[in-house]
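Visitor: Pasted the sequence and its predicted model underneath.
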Amino acid sequence: VGNADIYQLFAPVGKLKRAYVVYEQGSAKSTGVAHVVFERGSDARAAVDQYHGVELDGRPMSLNATTTSAPEPTGPSPALAARLAPRRSTPSAVPANRPATLDAEMLDQELEAYRASN
């Protein structure tokens, strides 16, 4: 369950200020806790009434309405986030000095070089 899932679940109840999953410090693993902050207290109480005890990802949710602000979101450290980000690879057959635009003949040559290297 991610931030978007939490937001989508609670947004129909009322206008949200923010909704996010809490992660273990320096990790991409969720603590199993999410903070959902509504614009209006009555919406927060309605969310508790509607979702307390309802299963989410195989576990019953335990909701509490508070009058204090939720802490700012935490997530994976920047270094861990960089390691988790999808990486794009460039084929080794593409020359480093490749021009920004290629004509059909140049594309054919590049494709042949790529096929030959794989």
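Guide: Looks like it came in fine.
Visitor: how much space is there between Val1 and Gln25?
Guide: Per Cβ to Cβ, to the nearest Å, Val1 is found 19 Å from Gln25. Where you see a C-beta, it was placed from the backbone N, CA and C, and this is true even at glycine.
Visitor: same question, Leu56
Guide: According to Cβ to Cβ, Leu56 stands 23 Å off from Gln25.
Visitor: out of these two, which sits in the more crowded spot?
Guide: Neighbour count, other Cβ atoms under 10 Å: between Leu56 and Gln25, Leu56 has more, with 13 against 10.
Visitor: Identify the bridge partners of that one.
Guide: Arg59 (DSSP bridges).
Visitor: surely it meets Gln8?
Guide: No: counting by Cβ atoms under 8 Å, Leu56 stays clear of Gln8, with 11.6 Å between them.
Visitor: residues near Phe38, how many?
Guide: For Phe38, using other Cβ under 10 Å, the count is 21.
Visitor: For it, which non-adjacent residue is spatially closest?
Guide: In space, and not counting its chain neighbours, Phe38 is closest to Ala44: 4.5 Å by Cβ to Cβ, 6 or more residues apart in numbering.
Visitor: What pLDDT is listed against that neighbour?
Guide: What the model reports as pLDDT for Ala44 is 91.
Visitor: Same check on the one 3 residues further on?
Guide: pLDDT, the model's per-residue confidence, is 93 for Ala47.
Visitor: so how many other residues sit close to Ala113?
Guide: 14.
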